[in-house]
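> Quick one: sequence and predicted model below, then my questions.
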Amino acid sequence: MNRRSVLTLGAALGLSGVVAAPGAAWSWSRSDSVAGSLAGALGGGSSIDPQWVWDDEIDRIIASVIQNGQVPAVNQAMASWVNNWQPVPSGLPPELATWLQGAVALPAWADRTKLRRAADFNRRKDTYLFVIYGIGGGIMSTVIPREARSVYWSKGGADMQDRAAKTFSFGYDLSDLNAFENTGEFLVTSNKTRMVHAAVRHLLPQSPHWQASGHDEQIPISNHDILVTFHSTGTFAHKKLKEWGVPMSTADQDAFLHSWQVALHMLGVRDEYIPASWAAAHAQADQILTPKLHWTPEGQELAGVLLGLTAQVDLGVTRGFLNEFVRYQLGNEIGDWLGLKRDYVSAATIRVGWPSYILFREGLIPIAPVNFYLFDQFLRALAMAFLNRGASGTTTPITIPDVNRPTS
């Protein structure tokens, strides 16, 4: 069953918004989206469920690249394509080169003033964002069934250290001070990621292991799935920063959201699905993220690998402390799903010490708390562990896969 037959089936059944999962019909109003906020470009009403929306043009192009055995040549041509100022590299298939020429441009509604403010916000709050994205969002991804199964059975699932480094290359480039400037890298990184998604959409449906894994979709990484990932990172970060009492002006929050709005657009998400406000983002997350969280065997293994990679680095804390920091962010239910052993001393240290650590860092108390050094060293080492930037100071190259997860 291909995407055309899926959509045709939906139309035949009279479903204008096909059910995404049992009891979870899509009910998003376009008026709450970036598109709906643009001078009446779209009125209210619900869009078609983004579960049935992919990235048709680049999907077709990358499928052709894979089928024609051109992946090694394309990866070689793109290896030196890093900075936003660089032109689309030569040596690419003509159709791919033409597509990239249009895809690297910012959307017309992008606000460079907001993007620069977001970059400064990321710089000021990077310590918190590292722990939220790494320990919070990173582990949350393992209890998002679709994402866990797609990651596990794709090529990247066989080498999670490399997969994690590439994922954090995306996050690092988005958070960089020059992310959207000519000297930054995000416009290139986002398009490489978009091509990887297209490759996975072509390859995974051919995997008998993915087909047998109990997933509920015929084609992975729909607009719906990318939005879910956004909510497990960007929306989750906004929620945690608010819960932790991290000072943020309204302008900072708006700018932070805007950088994610542009990032979603650059990944191929339609503007009609991109939330126009944090209130809309949290409402969308409540519909498509929170009810979907669940344990899977693939997610269990991925969580073990991710936490194991972190434990390999000298973080200055015990594995119990690491487990409790996961529980502190995601809650005990998810901690229990993943079998994270309890360390009640570390739990108490985090529960009391982390709020004090934030207060001191934000200049709200004059004296450093007793455990300040513990948290400071932990977070600095954690950032390096996930980014895997090493002595070279370069992020891990993002390359297009041409096979699924190797299995014996």
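Perfect, I can see it now.
> residues contacting Gly234?
Going by CB atoms under 8 Å, 6 or more residues apart in numbering, Gly234 touches 256-257, 260, 281. Glycine gets a C-beta too; all of them are placed from N, C-alpha and C.
> That one looks like it's in a strand, true?
No. Counting by DSSP: H, G, I helix; E, B strand; the rest coil, Gly234 falls outside a strand, being helix.
> With Ser207 as the reference, measure out to it.
Separation of Gly234 from Ser207 (CB to CB, to the nearest Å) stands at 29 Å.
> same deal with Glu324?
Separation of Glu324 from Ser207 (CB to CB) stands at 36 Å.
> Can you find the helix or strand in the chain with the smallest mean pLDDT?
helix 3-12 (a mean of 31; mean pLDDT, DSSP states H and E).
> helix or strand right after that one?
Scanning forward in sequence from helix 3-12 by DSSP states H and E, the next helix or strand is helix 56-67.
> Extract the CA atoms of that next one and return them as CSV.
Output of helix 56-67 as CSV, limited to C-alpha atoms (Å, rounded to 0.1, in the frame of the first residue of the first chain):
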residue,chain,number,x,y,z
ASP,A,56,6.3,14.4,-2.0
GLU,A,57,8.8,16.1,-4.3
ILE,A,58,12.0,15.3,-2.4
ASP,A,59,10.7,11.9,-1.5
ARG,A,60,10.4,11.1,-5.2
ILE,A,61,13.8,12.5,-6.0
ILE,A,62,15.7,10.7,-3.2
ALA,A,63,13.9,7.4,-4.0
SER,A,64,15.3,7.8,-7.5
VAL,A,65,18.8,8.6,-6.2
ILE,A,66,18.7,5.4,-4.1
GLN,A,67,17.3,3.2,-6.9
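> residue ranges with poor pLDDT in the stretch 101-250 of the chain?
Along the stretch 101-250 of the chain, the model assigns pLDDT under 70 to residues 161-169, 215.
> can you give me the helices for it?
For the stretch 101-250 of the chain, the helices defined by DSSP state H, counting those that start in this stretch cover 112-124, 126-131, 138-140, 145-153, 160-175, 186-203, 208-211, 223-230, 236-243, 250-266.
> Out of those, which gets nearest to Tyr357?
Tyr357 lies closest to helix 126-131 among the helices of the stretch 101-250 of the chain, at 9.2 Å (CB to CB).
> Packing partners of the closest one?
With contacts taken as 3 or more CB pairs under 8 Å, 6 or more residues apart in numbering; DSSP states H and E, helix 126-131 sits against helix 236-243, helix 372-387.
> if we can go back for a sec, neighbour count: Glu324 and Ser207, which is higher?
Under the neighbour definition other CB atoms under 10 Å, Glu324 and Ser207 were set side by side, and Glu324 has more, 25 against 17.
> what about the more buried one, is that helix, strand or coil?
Criterion first, three-state DSSP; result for Glu324: helix.
> can you pull out the helices in the stretch 251-400 of the chain?
For the stretch 251-400 of the chain, the helices defined by DSSP H, counting those that start in this stretch occupy 278-288, 297-312, 319-330, 332-337, 344-361, 372-387.
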